[in-house]
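Participant: Need a 3D model of the sequence below.
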Amino acid sequence: MSTPPRPDRPDDRPRRKVTLTTLGEMRALGEPIVMVTAYDHPSAKVAEAAAIDVVLVGDSAANNVLGYADTVPVTVDELLMLAAAVRRGLSTPLLVGDLPFGSYEASDEQAIATAHRFVKEAGCDAVKVEGSAERARAIVKAGVPVMGHVGLTPQTATALGGYRAQGRTAERARAVLDEALELQEAGCFAIVFEAIPADVTDVIMERTEVPIIGIGAGPSTDGQVLVLHDMLGIHGGFAPKFVKRYADVRGEMLRGLEAYAEEVRTRRFPGPEHTYGIAPEELERLKEQLGSRQRA
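Facilitator: Residues are numbered from 1 along each chain as shown. You can find the predicted model right below:
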């Protein structure tokens, strides 16, 4: 008897759609939650095949795929386009859309309107906001699940003293705890902890009830998230301390392009196997037609 083909994912177990309930169950059972960013359809398809639990269309798309210096300039429309492309590549992971800077801070009405766009136009299952328990509460009441974000919040990094770890004094650690508890009380289904000392995370974890997803926050969180472009080495340059490189995609792309350029310049590409043929009699007819036209 032949062995049936393996599905395009790491194991053969059927996957169900990841929901908010799923994440709560995973926390209760101690099953780590795997979360990554993705900004386009091919990346989403890979995340799907890798059995990722949560996919975030982060505002980090600004500097990872759109060429901005940081996350601040990215617009709602730009993220909606990317989120819609990711949605078309996903079936099972929970899809979260990042509300960009300037799209939710002004008022509850603004926050709700932006969140609704991410659900209606891009098909997101939830949205993420940095800080602001007040806005998170309003969005939740309007029917959209919210993921919170504390610690290093890139949209307000300047006010925090730059891109550096947060909670490294007792006072600041207590502030991070208070912010997390406020977001939890506001109804957030999960909270991202970014760039927080692991020992501080350990203390806070004992006082939280919703899934906590860490990025540079130590191993005791309920799950981990990394930016796809950082972890796969898709671009060069600086990588935060908390990033582990699992691949060198940029290096492979560069090697492939250099090989292609060399073969084109030396006329080794395309070869016979890359070209289409025509029946000899048809080619002869073409030549005869061209020849007769030239004589006329």
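
Participant: H149 belongs to a strand, doesn't it?
Facilitator: Yes: the assignment for H149 is a strand, going by DSSP: H, G, I helix; E, B strand; the rest coil.

Participant: what's the neighbour count on P280?
Facilitator: 8 (other CB atoms under 10 Å). Every residue, glycine included, has its C-beta placed from N, CA and C.

Participant: G271 versus that one, what's the distance?
Facilitator: 20 Å (CB to CB, to the nearest Å).

Participant: Likewise for R117?
Facilitator: R117 sits 49 Å away from G271, going by CB to CB.

Participant: Also E171?
Facilitator: 68 Å.

Participant: now V55
Facilitator: V55 is 39 Å from G271, by CB to CB.

Participant: Compare neighbour counts for the two and give me the winner.
Facilitator: Neighbour comparison, V55 and G271: the larger count goes to V55, with 32 against 9 (by other CB under 10 Å).

Participant: tell me what the helix or strand containing that one is packed against?
Facilitator: Take DSSP states H and E as the rule and V55 turns out to sit in strand 54-57. Counting contacts by 3 or more CB pairs under 8 Å, 6 or more residues apart in numbering; DSSP states H and E, strand 54-57 is packed against strand 33-37, helix 76-87, strand 94-98, strand 223-226.

Participant: for the ones you listed, which one sits closest to G187?
Facilitator: strand 94-98 (15.1 Å; CB to CB).

Participant: can you give me how far that closest one is from the chain middle?
Facilitator: On the basis of CA atoms, centre = their mean, to the nearest Å, strand 94-98 sits 8 Å off its chain's mean C-alpha point.

Participant: Show the average pLDDT along whichever helix or strand comes after that strand.
Facilitator: Later in the chain than strand 94-98, the nearest helix or strand by DSSP H and E is helix 108-120. Helix 108-120 carries an average pLDDT of 98.

Participant: What's the local residue count around K120?
Facilitator: 11.

Participant: Now do the strands in the stretch 151-296 of the chain.
Facilitator: Counting by DSSP state E, counting those that start in this stretch, the stretch 151-296 of the chain has strands at residues 190-194, 212-215, 223-226.

Participant: okay, those in a markdown table with mean pLDDT next?
Facilitator: Formatted as a markdown table, the strands of the stretch 151-296 of the chain follow (pLDDT from 0 to 100):
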| stretch | mean pLDDT |
| --- | --- |
| strand 190-194 | 96 |
| strand 212-215 | 97 |
| strand 223-226 | 98 |
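
Participant: For those, give me JSON lines that also has distance to E25.
Facilitator: Shown next, in JSON lines, are these (distance: least, CB to CB, whole Å):
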{"stretch": "strand 190-194", "distance to E25": "13"}
{"stretch": "strand 212-215", "distance to E25": "15"}
{"stretch": "strand 223-226", "distance to E25": "13"}
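
Participant: Mind listing residues that contact stretch 261-279?
Facilitator: 260, 286 (CB atoms under 8 Å, 6 or more residues apart in numbering).

Participant: part of a strand, is V74?
Facilitator: No: assignment of V74 by three-state DSSP gives coil, placing it outside any strand.

Participant: how close does it sit to F193?
Facilitator: When V74 is compared with F193 (using CB to CB), they lie 22 Å apart.

Participant: next one: N63
Facilitator: 21 Å.

Participant: of those two, who's got more company?
Facilitator: F193 (30 against 19).

Participant: what residues are up against the nearest residue to that one once chain neighbours are set aside?
Facilitator: Nearest non-adjacent residue to F193, counting by CB to CB, 6 or more residues apart in numbering: A217, 3.9 Å away. Residues near A217 by CB under 8 Å, 6+ apart: 151, 193-196, 198, 201, 242.
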